[in-house]
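Enquirer: Quick one: sequence and predicted model below, then my questions.
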2 protein chains.
Amino acid sequence: MVGWGKPGEGDWIDDASAPLLVDLYELTMSASWFAHRQGHSATFDLFVRKLPEQRNFLIACGLDQALHFLETFRFSGAAIDALRGLKLFDAGFLEWLGRMRFTGEVWAVPEGEAVFGAEPLLRVTAPLPEAQLVESFLLNAITFQTMIATKAARLAIACGGRRGFVDFSLRRDHGPTAALLGARAAWVGGAAATSNVLAAMRYGIPPSGTMAHSYVMGFDEEADAFRQFARAFRDRAVFLIDTWDTIEGARKSVQVARELKAEGIDVSGVRIDSGELAADARAVRRMFDEAGLANIQIVLSGDLDEHAIAKMVRDDVPADWFGVGTQLGTSADAPALGGVYKLAEEDGTPRMKLSRDKVTLPGRKQVFRFDDWSRDVIGLHDERIDGARPLLRCVMRDGRRVPGAESAWSLADARARCARTLKDLPEGLKALDRKVDYPVELSERLKRELEEVKARLHRG
Amino acid sequence: MVGWGKPGEGDWIDDASAPLLVDLYELTMSASWFAHRQGHSATFDLFVRKLPEQRNFLIACGLDQALHFLETFRFSGAAIDALRGLKLFDAGFLEWLGRMRFTGEVWAVPEGEAVFGAEPLLRVTAPLPEAQLVESFLLNAITFQTMIATKAARLAIACGGRRGFVDFSLRRDHGPTAALLGARAAWVGGAAATSNVLAAMRYGIPPSGTMAHSYVMGFDEEADAFRQFARAFRDRAVFLIDTWDTIEGARKSVQVARELKAEGIDVSGVRIDSGELAADARAVRRMFDEAGLANIQIVLSGDLDEHAIAKMVRDDVPADWFGVGTQLGTSADAPALGGVYKLAEEDGTPRMKLSRDKVTLPGRKQVFRFDDWSRDVIGLHDERIDGARPLLRCVMRDGRRVPGAESAWSLADARARCARTLKDLPEGLKALDRKVDYPVELSERLKRELEEVKARLHRG
């Protein structure tokens, strides 16, 4: 694809078009900085000001995609021509833009780590015009995956000791890339598998699937659908039993499972996607157990979320797996995080915003987490706080990923880190249906800095 | 990109990887159909069973991307190798899959047209294994854009006679492609412009932008930010005036606008992004008018949705433009549509689903809209209904777009069609805060078909 593509060509995005995925004002502001403050260095913080009402923590995610964007950032000649066509930019800026590579430094909270409101997930230090240009994409990349990983972590908490939940969201996700990256984030957050084949292959996630109602509808006899499917996929076959009547479907499953046993095939499970899931799962479990088919697993799906799953687990509903689509893939109860990207320092001078209802924190900062999970402290980047570890790590320097920092964006490490975090997280924060605020404090030095900048602004 | 890519390579999707964006069960079901019913033709309907509580209509969108997917569908050798690695599929199926192209016929509601619950947006007729394989992608492509175009149409209704609303959603969208395709859908639904430069270039949407708080924060003196920006962008400069204090920001805008007038620069407008938008807009408008700056426009933004905008328009708040981000790009009050893809016919035999709580309509169908908007009728494909026009058009035959059908997916036509639809739509349906159901009836012939299939199922 050259430059920005044309409609009807699939509307894909690639390394060449990604830098154009920018809000127009980033370009105009960058042009203004280029003209007047070319040599200035700036530090921006990317953070979520306040967690949604329905979230007690966030799971950081999306760093790998953010870093890839930064390290491949480059406007094609065609893109520059198109920008020239807007008649907004002078020749000097366009020439610089054509040469521009991201040369900055990035500190980030590793993927899979818990973060809270106001804590920087990313700290970008770069020449001001560069740092400005990458805002829109970084916010898009980090906040989307963080939102989905967080939702997945809540589902993981809900599943408790059950086998787990499977990402069924592909058809409900916001376009194709949301499905791919959403499956990635769900895996970081704790999904056991995905139905999405591309995501399974790209990220090494176990692929998972059962059968659809349309498949069963293709047969006059439900049992024939089960037979045909199991003979092809043997011990990986899961029967969908609610197309006509769940109990009747379970009865036929018993009959077919017995027939198939004689052929050396063990039916793996059944899925129930509608009706009274809890009652049906109990009835079906009993039927299977009484028929000596205790190894047949039960998959439940159909508009499930963490609340429905937690209730079923609490009520001892005999479900082994939960398939989750819409709620996971769109984080439907909190479908956006209010991520922002704020100037914190320019050429060594701390900056902040101080409007009627919104304040930002000045200076180059670090987030410190106390080992006993008593609180987090946001401090200045060069502080050390006893008993607390710094969360932000240097992941990019001079526009290149820092060797040795791979763990921050490695998918396997991110998933393990999230699992560990969910184990360590104070119980209160794991509540799924009540808001609990984790204490995030400011260090004494940061407080002093804040007061000094405020005083300077009021004089200004 | 070959096959399915690797992490850290940007995680883009292209024509070669798109066919892998499929739920695993589509592949297993397709393999089962391939083994047993290779020659069978099938018809599937893609529809939204029931509109969300907050929606009285939907605006069809996403057809161009759906057709592109179908016409370029082709598994690469690498993809087939990867599928072989799953050890689920036999050699015959994999060989067929490697050769498979979509050869089917598609009927679709043109983009920009209003549709209601249960009405097919897409009718796919193809050899059964082919029709099965494309389900996940088609649902993803059509329902996402339909959801966003619908949200945009509601915003267009809310804006009434104002200049309009601008898509500011890039940073809040669910990943990069959601931002691109969301901007496309917003344009179909009635957005006046977008901040998203890639979308602007690809689709010919006017790009739009103002300035960010971080820009203003970069100056000790707010007025200096305004001056520097306006000297670069002249009559396209819009000042963000709420970084510190909106009224103070407006006062400085007046001062700077007067200075710049002497330099031949007319400031275009100001944006207010926080605080009491309505009260501040009134105060700021008065200040500009009294200063002889009646031509300075006011842009409002900050967590706006159709309800907030409708209220301001009703209350005569002097706003010219509304910038809408999160609510538009994520359709946050209804972030998913329950789209389904259901078997309606196989080898000439009508099929339907009849479970406890969900029924589908059998046979090859057409949607008829009465010219007086009294009701829609879902009938059989070869019916004619006086006073009503069929909505589904043949857009693809033998896997190729039908020449002459371009209007169904042309972006310009889609946008014009949506604007016309919003003009014609009965007032009740345009209500933004109460649910109104449009009557969707079944034709006598479809009802008879339904009864016959039901009777057959009950005998079976």
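Expert: Everything's here; your move. Everything quoted here is computed from the prediction, not taken from an experiment. Residues are numbered from 1 along each chain as shown, chains lettered A, B, ... in the order given.
Enquirer: show me the contacts for residue A:300.
Expert: A:271, A:272, A:273, A:277, A:281, A:312, A:317, A:319, A:321, A:322, A:323 (CB atoms under 8 Å, 6 or more residues apart in numbering or on different chains). Just so you know, the C-beta spots here come from the backbone N, C-alpha and C atoms, and that holds for glycine as well.
Enquirer: please redo it, this time with the cut-off set to 7 Å
Expert: Applying CB atoms under 7 Å, 6 or more residues apart in numbering or on different chains to residue A:300 gives the contacts A:272, A:277, A:281, A:319, A:322.
Enquirer: before we move on, what about residue A:413?
Expert: By CB under 7 Å, 6+ apart, the contact list for residue A:413 reads residue A:407.
Enquirer: Pretty sure it sits in a helix.
Expert: Yes. Counting by DSSP: H, G, I helix; E, B strand; the rest coil, residue A:413 falls inside a helix.
Enquirer: any idea how far it lies from chain B?
Expert: For residue A:413, the distance to chain B (CB to the nearest CB, to the nearest Å) stands at 12 Å.
Enquirer: Likewise for residue A:361?
Expert: In terms of CB to the nearest CB, residue A:361 sits 12 Å off from chain B.
Enquirer: mind listing the strands in the stretch 51-200 of chain A by residue range?
Expert: Secondary structure of the stretch 51-200 of chain A by DSSP state E, counting those that start in this stretch: the strands cover A:58-59, A:105-108, A:114-115, A:122-127, A:164-167, A:193-194.
Enquirer: how long is stretch A:361-374 end to end?
Expert: End-to-end distance for stretch A:361-374: 22 Å, by CA to CA, to the nearest Å.
Enquirer: Give me the mean pLDDT for it.
Expert: The pLDDT scores in stretch A:361-374 average 96.
Enquirer: in it, what's buried?
Expert: Buried residues in stretch A:361-374, defined by neighbour count with 16 or more other CB atoms under 10 Å in any protein chain shown: A:361, A:362, A:363, A:364, A:365, A:366, A:367, A:368, A:369.
Enquirer: According to the record, where do the domains of chain A fall?
Expert: According to automatic domain parsing, chain A comprises the domains A:43-71+A:103-148+A:340-459, A:156-330.
Enquirer: So for residue B:263, which of those domains sits nearest?
Expert: With respect to residue B:263, and counting by CB to CB, the nearest of the domains of chain A is domain A:43-71+A:103-148+A:340-459 at 24.3 Å.
Enquirer: distance between that closest one and the chain's centre?
Expert: Distance of domain A:43-71+A:103-148+A:340-459 from its chain centroid, counting by CA atoms, centre = their mean, to the nearest Å, is 15 Å.
Enquirer: what's near enough to touch the residue nearest in space to the middle of chain A?
Expert: Nearest to the geometric centre of chain A sits residue A:145, at 2.3 Å (CA atoms, centre = their mean). If you count contacts by CB under 7 Å, 6+ apart, residue A:145 has them with A:61, A:62, A:181, A:184, A:185.
Enquirer: quick one: which of the buried residues of stretch A:361-374 is nearest chain B?
Expert: Relative to chain B, the closest of the buried residues of stretch A:361-374 is residue A:362; by CB to the nearest CB it sits at 9.6 Å.
Enquirer: where's that closest one, which helix or strand?
Expert: Using DSSP states H and E, residue A:362 sits in no helix or strand.
Enquirer: is the residue nearest to it when sequence neighbours are not counted in a bridge, and if so with what?
Expert: In space, and not counting its chain neighbours, residue A:362 is closest to residue A:350: 3.5 Å by CB to CB, 6 or more residues apart in numbering or on different chains. When assigned by DSSP bridges, residue A:350 has beta-bridge partners residue A:345.
Enquirer: Look at residue A:350 and report its pLDDT.
Expert: So, for residue A:350, pLDDT stands at 92.
Enquirer: hmm, back to that, now render the contacts of residue A:300 as CSV, adding secondary structure, pLDDT and neighbour count.
Expert: Shown next, in CSV, are those (DSSP: H, G, I helix; E, B strand; the rest coil; pLDDT from 0 to 100; neighbours: other CB atoms under 10 Å in any protein chain shown):
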residue, secondary structure, pLDDT, neighbour count
A:272, strand, 97, 24
A:277, helix, 97, 23
A:281, helix, 98, 23
A:319, coil, 97, 25
A:322, strand, 98, 29
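Enquirer: Could you single out the nearest of those residues to residue A:168?
Expert: Taking CB to CB as the measure, residue A:322 is the one of those closest to residue A:168, at 9.4 Å.
Enquirer: residues contacting the closest one?
Expert: Residue A:322 is in contact with A:159, A:165, A:300, A:301, A:304, A:309, counting by CB under 7 Å, 6+ apart.
Enquirer: measure the second one to residue A:312 for me?
Expert: Pointing back at residue A:165 there. 12 Å (CB to CB, to the nearest Å).
Enquirer: So those two - more neighbours on which side?
Expert: Neighbours were tallied for residue A:165 and for residue A:312 using other CB atoms under 10 Å in any protein chain shown; the higher tally belongs to residue A:165 (28 against 21).
Enquirer: if I pick that one, what's in contact with it?
Expert: By CB under 7 Å, 6+ apart, the contact list for residue A:165 reads A:155, A:159, A:191, A:192, A:322, A:324.
Enquirer: Report the residue spans of the stretch 1-150 of chain A with pLDDT below the cut-off.
Expert: Applying pLDDT under 70 to the stretch 1-150 of chain A flags residues A:1-8.
Enquirer: Spell out which parts of it neighbour chain B.
Expert: Applying CB under 7 Å from any CB of the partner chain, we find that the stretch 1-150 of chain A lies next to chain B at A:4-8, A:10-15, A:17-18, A:20-25, A:27-29, A:31-32, A:35-36, A:44, A:64-65, A:68, A:72, A:82, A:86, A:88, A:136, A:139-140, A:144.
Enquirer: Out of these, list just those in strands.
Expert: residue A:44 (DSSP state E).
Enquirer: Buried ones from the residues of the stretch 1-150 of chain A next to chain B, can you make that a PyMOL selection?
Expert: Burial among the residues of the stretch 1-150 of chain A next to chain B is assessed by 16+ other CB under 10 Å; the matching PyMOL selection reads:
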select buried, chain A and resi 4+5+7+8+10+11+12+13+15+17+18+20+21+22+23+24+25+27+28+29+31+32+44+64+65+68+72+82+88+136+139+140+144
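Enquirer: ok so, going back, which one of the strands of the stretch 51-200 of chain A is the most hemmed in?
Expert: strand A:58-59 (a mean of 28; mean count of other CB atoms under 10 Å in any protein chain shown).
Enquirer: packing partners for that one?
Expert: Packing contacts for strand A:58-59, counted by 3 or more CB pairs under 7 Å, 6 or more residues apart in numbering or on different chains; DSSP states H and E, involve strand A:114-115, helix A:135-159.
Enquirer: Of those, which stretch is the most buried?
Expert: helix A:135-159 (a mean of 27).
Enquirer: How far off centre is it?
Expert: Centroid separation between helix A:135-159 and its chain, computed with CA atoms, centre = their mean, is 3 Å.
Enquirer: Taking strand A:122-127 as reference, get the angle to that helix.
Expert: Interaxial angle, helix A:135-159 versus strand A:122-127 (axes from the mean of the first three to the mean of the last three CA atoms, to 10 degrees): 170 degrees.
Enquirer: Report back the residue of chain A that's furthest from centre.
Expert: The outermost residue of chain A, judged against the average C-alpha position, is residue A:262 (45.1 Å), by CA atoms, centre = their mean.
Enquirer: Where does the prediction get shaky in the stretch 351-460 of chain A?
Expert: Ranges of the stretch 351-460 of chain A meeting pLDDT under 70: A:355-357, A:459-460.
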